[in-house]
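Student: Sharing a sequence plus its predicted fold:
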Amino acid sequence: MRAPIPYLLAYAHTIASRLADAELRPHGLTVRQFGLLAQLRAEPELTISELARQLGITRQSLHGMVDELERGGHLVREPGASGRTRRLALTPDTARLLADARGPLARAEAEFLGRMPVRDREALRALLQRALAEATDDEAWL
């Protein structure tokens with residue numbers, strides 16, 4: 001029997017997240033927090049609602065993550081384009097934090113993928129990016 005892709009992705013997520021979180025812990029981040037900050041860096045104009053949609057989480061979950069990151073000095077809340085929206089902005093030190101996190105994430109990736117050839121790693125990355133672009137209807141993943 002071929003394993004269903006959602007099951008494979010969920011199981012891979014569990015293992016990869018555990019490894020990445022362990023590597024990022026000294027930097028005071030989780031892999032989900034890193035993803036939120038990286039998404040904001042890539043698309044700084046996103047509102048809180050748009051960001052929650054992009055990350056595939058509820059606004060309530062996003063607010064909890066934002067509260068933690070705001071307390072850590074990694075982002076601030078600012079007025080959005082209209083009086084009813086809010087946007088998030090990265091603090092100046094966050095760019096350095098994201099750069100510093102690249103090494104730990106590369107170590108987690110290497111541990112997760114073991115001796116998989118670089119060609120296969122890049123093929124996996126490209127397929128996951130295409131799947132995310134399709135699932136979120138957002139070409140920013142590409």
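Tutor: Right, received. Where do you want to start?
Student: name the element residue 61 belongs to?
Tutor: Using DSSP states H and E, residue 61 maps to helix 59-71.
Student: list the contacts for the most centrally placed residue in the chain?
Tutor: Computing the C-alpha centroid of the chain and ranking residues by Cα atoms, centre = their mean puts residue 35 first, at 1.6 Å. Neighbouring residues of residue 35 by Cβ atoms under 8 Å, 6 or more residues apart in numbering: residue 55. Bear in mind the C-beta positions are built from the backbone N, C-alpha and C, glycine included.
Student: Give me the helices and strands touching the helix holding residue 61, please.
Tutor: Applying 3 or more Cβ pairs under 8 Å, 6 or more residues apart in numbering; DSSP states H and E, we find helix 59-71 packed against helix 31-42, helix 48-55, strand 75-79.
Student: Worst mean pLDDT among those?
Tutor: Of all these, the segment with the smallest mean pLDDT is helix 48-55, scoring a mean of 84.
Student: That helix: which residues count as buried?
Tutor: 48, 50, 51, 52, 53, 54, 55 (16 or more other Cβ atoms under 10 Å).
Student: Looking at the residues you listed, spot the one nearest residue 126.
Tutor: The nearest member of those to residue 126, counting by Cβ to Cβ, is residue 54 at 19.4 Å.
Student: How about the contacts made by that closest one?
Tutor: Listed by Cβ under 8 Å, 6+ apart, the contact partners of residue 54 are 39, 43, 46, 136, 138, 140.
Student: okay, and the helix or strand of the chain with the least pLDDT?
Tutor: When the helices and strands of the chain are compared on mean pLDDT, DSSP states H and E, helix 48-55 comes out lowest with a mean of 84.
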